[in-house]
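**Student:** Next come a sequence and a model predicted from it.
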Number of protein chains: 2
Amino acid sequence: MDGLHLIGDWYECPEGTPELDSAGALRELCLSATAASGLTAVAERFHQFEPQGVTGTVLLGESHLAIHTWPESGYVSVDVFVCNRSAENSGKAQALFAALRASLKPVRVYEQAVRRGARDAIRRVA
Amino acid sequence: MDGLHLIGDWYECPEGTPELDSAGALRELCLSATAASGLTAVAERFHQFEPQGVTGTVLLGESHLAIHTWPESGYVSVDVFVCNRSAENSGKAQALFAALRASLKPVRVYEQAVRRGARDAIRRVA
């Protein structure tokens, strides 16, 4: 199962960005960016933390987007995982990731691209 | 933001395992394994694909669990991501991951542990 998993740890997102601390605003951003990327949302769930912070996911036909915000420290974690079983979705995943980053405007980032299910690394269990 | 992200690509999960192709059964497994691990579920969403397959997520107080199944090929992808901001949750994440693996019984696996937000790898944008 070939897949691409983009992982973002984004720092210094500007204080006051609505999507950092509103489940509704973050949900709207994630759904619109997903649609614009050409990926397919099949379900979603967003949760508002008190006193602050949002956690959410968009379940994709191609796998998932997951996002968590800590507005008090300007930190956001983002995961975009796409399976490339029936189509090559890596470009769409990169577009979604880039759109979220452009909206949340981190000043510093730590980003990783993880290859899922690489055939040569599979090991037998017991 | 220190965090641990466990990534599993699990192959040859036995055909007929109810959790592979029932959103209700997979949801039940994920919620009970989450509770047993000591992590905190704050919301969840599971989706049944037709003709087969399930995708789902449990949003955690500590970040998330995401899981996707392809029963027709015995493949399951699993993500357990925990933030260690206010507590060291790595052991709970490993317990949850191990419990899911024990239930889904893959014969072959590809597993990665990704450190999130490593301070020495953060780069400035533009």
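**Tutor:** Thanks, I have it.

**Student:** State the mean pLDDT of stretch A:16-33.
**Tutor:** What stretch A:16-33 shows for mean pLDDT is 97.

**Student:** contact partners of it?
**Tutor:** Contacts with stretch A:16-33, where a contact means CB atoms under 8 Å, 6 or more residues apart in numbering or on different chains, come from A:13, A:41, A:44, A:46-48, A:52-54, A:56, A:58, A:65, A:67, A:69, A:71, A:74, A:76, A:96, A:99-100, A:103-105. Every residue, glycine included, has its C-beta placed from N, CA and C.

**Student:** In that stretch, which residues are buried?
**Tutor:** By 16 or more other CB atoms under 10 Å in any protein chain shown, the buried positions in stretch A:16-33 come out as A:Thr17, A:Glu19, A:Leu20, A:Asp21, A:Ser22, A:Ala23, A:Leu26, A:Arg27, A:Leu29, A:Cys30, A:Leu31, A:Ala33.

**Student:** Just the CA atoms of it, as PDB, please.
**Tutor:** This file holds the C-alpha atoms of stretch A:16-33, laid out as PDB (Å, rounded to 0.1, in the frame of the first residue of the first chain):
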ATOM      1  CA  GLY A  16      -5.900  36.400  16.600                       C
ATOM      2  CA  THR A  17      -6.100  34.200  13.400                       C
ATOM      3  CA  PRO A  18      -9.700  33.000  13.800                       C
ATOM      4  CA  GLU A  19      -9.000  29.400  12.700                       C
ATOM      5  CA  LEU A  20      -6.600  28.900  15.600                       C
ATOM      6  CA  ASP A  21      -9.400  29.200  18.200                       C
ATOM      7  CA  SER A  22     -12.700  28.600  16.500                       C
ATOM      8  CA  ALA A  23     -13.800  25.000  15.600                       C
ATOM      9  CA  GLY A  24     -16.300  26.500  13.100                       C
ATOM     10  CA  ALA A  25     -13.700  28.600  11.400                       C
ATOM     11  CA  LEU A  26     -11.100  25.800  11.300                       C
ATOM     12  CA  ARG A  27     -13.700  23.300  10.000                       C
ATOM     13  CA  GLU A  28     -14.600  25.800   7.200                       C
ATOM     14  CA  LEU A  29     -11.000  26.300   6.200                       C
ATOM     15  CA  CYS A  30     -10.200  22.600   6.200                       C
ATOM     16  CA  LEU A  31     -13.300  21.700   4.100                       C
ATOM     17  CA  SER A  32     -12.800  24.400   1.600                       C
ATOM     18  CA  ALA A  33      -9.000  23.600   1.200                       C
END
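
**Student:** The closest residue to A:Val107 other than its chain neighbours: neighbour count?
**Tutor:** Among residues not flanking A:Val107 along the chain, A:Glu12 sits closest, at 3.6 Å (CB to CB, 6 or more residues apart in numbering or on different chains). As a burial measure, A:Glu12 scores 16 neighbours (other CB atoms under 10 Å in any protein chain shown).

**Student:** Same check on A:Val109?
**Tutor:** 19.

**Student:** The lowest-mean-pLDDT helix or strand in chain A - contacts with which helices or strands?
**Tutor:** Within chain A, confidence by mean pLDDT, DSSP states H and E is lowest for strand A:123-124 among all helices and strands, at a mean of 87. Here strand A:123-124 touches strand B:108-116, going by 3 or more CB pairs under 8 Å, 6 or more residues apart in numbering or on different chains; DSSP states H and E.
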